[in-house]
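> just coords:
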């Protein structure tokens, strides 16, 4: 019951922030509402049990994309100039968004959602029971075929996050570090240009 209430509260904050992005009178305020919307989406991922996606949402969208958007806002002239968020296309926009929301609601309501934990078999056919608690090394050994797999009923893919982390910190470490340096240079450049 408490989890459902927290999920509804986070979803409400996310929707309100997303609506505020559209109706905000200044670009700067709109960008700040967008950051709150991204944080709310990360909270929804975490509430749904997708912890890795939640962390990636915070790192990529809240940490990187939002900062780049704020750079663009800082480099825009008359950022705080207030303008009316409504124009001639308001009625058409509401019609398009309302019809899209209706289609998505109908599709979500009529979809055949599986309510049980089904089996997810990896591409090579190896599987580990869903209740099995494997460490990263055992999961990698099963995925590589060095360790026999258990009964394939109700299975999950082992070690995906661990393999992704090892790939980022070994094979793609140079690209990862170069990207962080480029973001740092963009930050310093935006601050210098904004001060002038």
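Received it, and whenever you're ready, just let me know what you need. Quick caveat, the model's predicted, so the values are computed rather than measured.
> SS state for residue 112?
In three-state terms, and counting by DSSP: H, G, I helix; E, B strand; the rest coil, residue 112 is coil.
> relative to residue 180, how far out is it?
Noted for residue 112: a distance of 44 Å to residue 180, by CB to CB, to the nearest Å. To be clear about C-beta, it is placed using only N, CA and C from the backbone, and glycine gets the same treatment.
> same deal with residue 22?
Residue 22 is 32 Å from residue 180, by CB to CB.
> do residue 166 as well
Residue 166 is 19 Å from residue 180, by CB to CB.
> equivalent analysis for residue 4, please.
As judged by CB to CB, residue 4 and residue 180 stand 39 Å apart.
> and what of residue 16?
Distance of residue 16 to residue 180, given as CB to CB: 33 Å.
> over to residue 109?
Distance from residue 109 to residue 180, by CB to CB: 44 Å.
> before we move on, what about residue 195?
Distance, residue 195 to residue 180, using CB to CB: 23 Å.
> neighbour-wise, which of these two wins?
residue 180 (11 against 7; other CB atoms under 10 Å).
> next, the more buried one: secondary structure please.
helix.
> contacting residues around it?
Residues near residue 180 by CB atoms under 8 Å, 6 or more residues apart in numbering: none.
> cool, residue 193 as well?
Taking CB under 8 Å, 6+ apart, we find residue 193 in contact with 74, 75.
> specify the local secondary structure of it.
Of the three states, residue 193 takes helix under three-state DSSP.
> which stretch of helix or strand covers the residue lying closest to residue 190 once chain neighbours are set aside?
Nearest residue to residue 190 in three dimensions, chain neighbours excluded: residue 71, at 4.2 Å (CB to CB, 6 or more residues apart in numbering). Using DSSP states H and E, residue 71 maps to helix 66-74.
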